[in-house]
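Colleague: Turn this into a structure:
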Amino acid sequence: MKPARKPKRLRQTGKNHEANCALSYIPDHQPAFVCGGGIDYSPDYCNFQITFPEAPHKTRRCENDSEERCYDLVSYTQTYEVYATVNFHVICNPIKEGVRAKYTEDVAKATVRAMAEKNDLTGYRTSFRKESAYNQAGLVGEGISSRQDPKIYIAQLWVGETSVMSVEAELIGEAFEEADKLFADVMRSVSLKEDKKEPSEEEEEEGSEEPSGN
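Modeller: Predicted coordinates for the structure are as follows:
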């Protein structure tokens, strides 16, 4: 049996980048982490965003075949020949006012542990933080994939005022720099969505003025 990866390896993938930076995808090249590129996933009602190097796959799912409880499951997979595979699964659903307060540290940590149950992890650690606009719980673990390859698994739960986002990520296979970088960069891109400020009437008028001649 191959030894499992150590989660701390992720800290060796490069310098920290700002949360609002994204991935850009250059045809015939591997994804590279830059500011201002990539494909953001963030429905209008979602308080959060995540950035992929190219458009992810979206599937509509319904619980117990009922049309009343449906959601979009967003997935992205990148395979690096026989060396490594990176998988992401993201769901963002609207919630009612006051739900965020119910996600205390104990509840949020229990939720990410439940997300990780199907992964047969050999070890993991959890974390929690409470910010002014959201609560966030995380789980980082290691295990062995169904093909007996070492893997790193991350689960995150982001609870805002009007939505909750779950993120699951897997890094499967042997150490491979490009796979490690993609995995780390996409996870760094998960963040609170910044409100876009609408231009004022004065700013719109200034922008429409013709430049004066000399």
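
Colleague: For this protein, which segments count as strands?
Modeller: 22-24, 32-34, 39-41, 48-52, 57-62, 70-80, 84-94, 121-130, 135-144, 150-159, 163-173, 191-192 (DSSP state E).

Colleague: where does this structure dip in pLDDT?
Modeller: Along the chain, the model assigns pLDDT under 70 to residues 1-37, 65-68, 195-214.

Colleague: hmm, 80 instead?
Modeller: Within the chain, the segments meeting pLDDT under 80 span 1-37, 63-69, 194-214.

Colleague: Now residue 47, what are its backbone angles?
Modeller: Main-chain torsions, residue 47, degrees, to the nearest 10: phi -80, psi -10.

Colleague: Can you tell me the closest non-neighbouring residue to it?
Modeller: Nearest non-adjacent residue to residue 47, counting by C-beta to C-beta, 6 or more residues apart in numbering: residue 160, 3.1 Å away. C-beta coordinates here come from the backbone N, C-alpha and C atoms, glycine included.

Colleague: show me what contacts the one you found?
Modeller: By C-beta atoms under 8 Å, 6 or more residues apart in numbering, residue 160 lies in contact with 47-48, 100, 133-134, 192.

Colleague: Quick one, which of the strands of the chain gets closest to residue 108.
Modeller: strand 135-144 (3.5 Å; C-beta to C-beta).

Colleague: strand partners of that closest one, parallel vs antiparallel please.
Modeller: Here strand 135-144 is paired, per DSSP bridges, with strand 121-130 (antiparallel), strand 150-159 (antiparallel).

Colleague: Among the ones you listed, single out whichever gets nearest to residue 92.
Modeller: For residue 92, the closest of these is strand 150-159, at 8.4 Å, according to C-beta to C-beta.

Colleague: Most neighbours among the contacts of residue 160, please name it.
Modeller: Highest neighbour count within these, by other C-beta atoms under 10 Å: residue 48, with 24 neighbours.

Colleague: dump the residue contacts of the nearest residue to it once chain neighbours are set aside.
Modeller: Among residues not flanking residue 48 along the chain, residue 165 sits closest, at 4.4 Å (C-beta to C-beta, 6+ apart). Shown in contact with residue 165 (C-beta under 8 Å, 6+ apart): 46-48, 50, 90-92, 156-158, 190.
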